[in-house]
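Engineer: Quick one, what's the 3D model for this:
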Amino acid sequence: MEELKLKPCACSQKPKPLEPLGMSPDSGAAAGEPKKTVLPITGNALWAVMGAGLVLWYIIYSMLLPFSKYTAFDLFGLTQGSHLGEAVQFFIYDTPKVLMLLVLVVFGIGIVRSYVTVEWTRKVLAGKRESYGNVLAALLGVVTPFCSCSAVPLFIGFVAGEVPLGVTFSFLISAPMVNEVALVLLYGLMGWKVAALYFVTGISIAIVAGWVIGRLGMEKYVEGWVKLACAQSNGPQTGMTMEDRVVFGMESVRDIVGKVWIYVVLGIGAGAAIHGYVPEDMMVSIMGKDVWWAVPASVLLGIPMYTNAAGIIPIVDALLGKGAALGTVLAFMMSVIALSFPEMVILRKVLKPRLIAVFAGVVGCGILIVGYLFNMII
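Structural biologist: I've put the predicted structure just below:
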């Protein structure tokens, strides 16, 4: 098979530097030299500005609910309790709320990611025993940069780095499904219990699914050219100052929030429609815990959807608010994030169809078990 040449995606590279603040693109840099962002403040002044920004963020965040009610019911004159009024108020409240949470968490995790790189992760996982490696890979997947577009270069890098196949799959399952954006949004919208529940179940699926795939000995179903390819991930971030890490966080906000905001708005719009117009009795009859077919139907419904954690969580919030069972909703959310059809198409570049089918089947069974289990106990 002809070797496939891949370009590294944005998710597996260090973000491009921002333009220096208050400077022209060419000022302060010689021809041919890379431009570097220069913060106007450093040291204690930088910490003071960051602290003041956090306080301002909290003040604005705490005012969103009364602002949404005033805008929908007083300024727009909509009737409180009406379908349209409740939908509009939900949209006005959740849109800035979710976007503000996204900005805060992506900035913070961006700073963390300046310490934890894909290259470092690969070195940590290489040579580990599968049982220990599956657990470590699933936990590292939570804080390591990953998205569907980086599935191919990451997979190549891990295989080239002699990371066992099962350990690699634990990472590939955990990274998109149990990411920091999902956890923070779940915490902000539904509380720490739901966030913790999602974390534990998602990590468990990643560990067990990766271990099962590793035991099946399916290395021969990885495309042959993969083992010959070299890794295409960024090197370790060394010698970075705190100012550099703050810039890295700013670039993460620009890159990540800039890409997902449209999914957030669309997801909140869908959630607002569910919140305002879908009768509670109808939702209970379709996604209630007593409906035996609701869990597999939710998984099948989620697979063809093309969105991410930021876009799906507002819909999850609205479904739970209308009486949908927690297990059914979690199964729906997990299938959207971990088994999306676009990701399967991307993975086809490095995996043969039989291994993709096994991957989808093992993860799908884990999601079904989670859905039925929590519908029984909660």
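
Engineer: Please make it C-alpha for all contacts and neighbour counts, starting now.
Structural biologist: OK.

Engineer: since we're on residue 103, how many residues are nearby?
Structural biologist: 18 (other C-alpha atoms under 10 Å).

Engineer: right, and the helix or strand after the host helix or strand of residue 313?
Structural biologist: In this structure, residue 313 is located in helix 309-321 according to DSSP states H and E. Sequence-wise, the next helix or strand downstream of helix 309-321 (DSSP H and E) is helix 326-338.

Engineer: Would you mind pulling the contact partners of that next one?
Structural biologist: 173, 176-177, 198, 202, 287-289, 294-295, 298-309, 312-313, 316, 319-320, 364, 367-368, 370-375, 378 (C-alpha atoms under 8 Å, 6 or more residues apart in numbering).

Engineer: out of those residues, which are buried?
Structural biologist: 173, 176-177, 198, 202, 287-289, 294-295, 298-300, 302-303, 305, 307-309, 312-313, 316, 319-320, 364, 367-368, 370-372, 374-375 (16 or more other C-alpha atoms under 10 Å).

Engineer: Now do the helix holding residue 313: which elements does it pack against?
Structural biologist: helix 83-113, helix 180-190, helix 258-277, helix 326-338 (3 or more C-alpha pairs under 8 Å, 6 or more residues apart in numbering; DSSP states H and E).

Engineer: mind listing the helices for the stretch 1-150 of the chain?
Structural biologist: 43-62, 64-69, 83-113, 118-125, 130-143 (DSSP state H, counting those that start in this stretch).

Engineer: So which of these is nearest residue 225?
Structural biologist: Taking C-alpha to C-alpha, helix 118-125 is the member of the helices of the stretch 1-150 of the chain nearest to residue 225, at 19.3 Å.

Engineer: lowest-confidence stretch among the helices and strands packed on helix 309-321?
Structural biologist: With a mean of 73, helix 180-190 has the lowest mean pLDDT of the helices and strands packed on helix 309-321.

Engineer: Okay, buried residues for it please.
Structural biologist: For helix 180-190, by 16+ other C-alpha under 10 Å, it's 180, 181, 182, 183, 184, 185, 186, 187, 189, 190.

Engineer: Restrict that helix to CA atoms and write it as CSV.
Structural biologist: The C-alpha coordinates for helix 180-190 follow below in CSV (Å, rounded to 0.1, in the frame of the first residue of the first chain):
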residue,chain,number,x,y,z
GLU,A,180,-11.6,18.9,30.7
VAL,A,181,-14.2,20.9,28.8
ALA,A,182,-16.9,18.2,29.3
LEU,A,183,-16.1,18.0,33.0
VAL,A,184,-16.1,21.7,33.7
LEU,A,185,-19.3,22.3,31.7
LEU,A,186,-21.0,19.3,33.5
TYR,A,187,-19.9,20.8,36.8
GLY,A,188,-21.1,24.3,36.0
LEU,A,189,-24.5,23.2,34.6
MET,A,190,-25.4,20.0,36.6
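
Engineer: what's that helix in contact with?
Structural biologist: 98, 101-102, 105-106, 109, 142-143, 192-196, 198-199, 309-310, 313, 317.

Engineer: Could you do stretch 312-323 as well?
Structural biologist: With C-alpha under 8 Å, 6+ apart as the criterion, stretch 312-323 contacts 94, 182, 185-186, 189-190, 264, 267-268, 270-272, 274-275, 278-281, 283-284, 288, 326, 329-330, 333, 336.

Engineer: now do stretch 258-274
Structural biologist: Counting by C-alpha under 8 Å, 6+ apart, 86-88, 90-91, 94-95, 98-99, 307-308, 310-319, 322 sit against stretch 258-274.

Engineer: Between the buried residues of helix 180-190, which sits nearest residue 61?
Structural biologist: residue 189 (12.5 Å).

Engineer: so where's the stretch 51-200 of the chain shaky on pLDDT?
Structural biologist: 113, 116-122, 126-130, 143-154, 156-157, 160-161, 179, 181 (pLDDT under 70).

Engineer: Swap in 80 and give it another go.
Structural biologist: Within the stretch 51-200 of the chain, the ranges that satisfy pLDDT under 80 run 98, 102, 105-106, 109-110, 112-131, 140-162, 175-190.

Engineer: Please check the contacts of helix 180-190 and keep the buried ones.
Structural biologist: For those, buried by 16+ other C-alpha under 10 Å: 98, 101-102, 105-106, 109, 142-143, 194-195, 198-199, 309-310, 313, 317.

Engineer: tally of neighbours for residue 53?
Structural biologist: So residue 53, with other C-alpha under 10 Å, has 12 neighbours.

Engineer: The one 10 residues further on too?
Structural biologist: Counted with other C-alpha under 10 Å, the burial measure for residue 63 works out to 11 neighbours.

Engineer: Show the contacting residues for it.
Structural biologist: Going by C-alpha under 8 Å, 6+ apart, residue 63 touches no other residue.

Engineer: next one: the one 5 residues further on
Structural biologist: For residue 68, the contacting residues are 89, 90, 92, 93, taking C-alpha under 8 Å, 6+ apart as the criterion.

Engineer: Make TSV out of the residues you listed and add distance to residue 346.
Structural biologist: Output for those, formatted as TSV (distance: C-alpha to C-alpha, whole Å):
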residue	distance to residue 346
89	38
90	35
92	35
93	35
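
Engineer: between these, which is nearest residue 52?
Structural biologist: Once C-alpha to C-alpha is applied, the member of the contacts of residue 68 that ends up nearest residue 52 is residue 93, at 23.6 Å.
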